[in-house]
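Enquirer: here are the coordinates; sequence isn't available:
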């Protein structure tokens, strides 16, 4: 059974994706060995209050 999507906000921005394959880039990047649960537990990520809808724009 799949869990519903959870929208999270990053507290610390690590970097931005470079443009490639005719795409503009600029997406937020993260590199970590931590799980999502660990990032929420140590407050690196915070749940976004009132978030709903698709996790990514279409």
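Expert: That came in fine, so what should we check first? Everything numeric here is computed off the predicted structure, so don't read it as measured data.
Enquirer: Please make it C-alpha for all contacts and neighbour counts, starting now.
Expert: OK.
Enquirer: Any idea how many residues pack against residue 45?
Expert: Residue 45 has 18 neighbours, counted by other CA atoms under 10 Å.
Enquirer: scratch that, residue 43
Expert: Residue 43, neighbours per other CA under 10 Å, totals 14.
Enquirer: Near residue 47, how many residues? Count them for me, please.
Expert: 13.
Enquirer: Roughly how far does it sit from residue 39?
Expert: 11 Å (CA to CA, to the nearest Å).
Enquirer: Show me the strands in this protein, by range?
Expert: 8-10, 15-16, 28-29, 45-47 (DSSP state E).
Enquirer: Give me the pLDDT value at residue 13.
Expert: As predicted, residue 13 sits at a pLDDT of 59.
Enquirer: my bad, should have said residue 52
Expert: 64.
Enquirer: Over to residue 28?
Expert: 73.
Enquirer: Could you report the neighbour count for it?
Expert: 12.
Enquirer: so it makes contact with residue 18?
Expert: No: contact criterion CA atoms under 8 Å: residue 28 and residue 18 do not qualify, at 9.9 Å.
Enquirer: Helices of this protein, residue ranges please.
Expert: 36-41 (DSSP state H).
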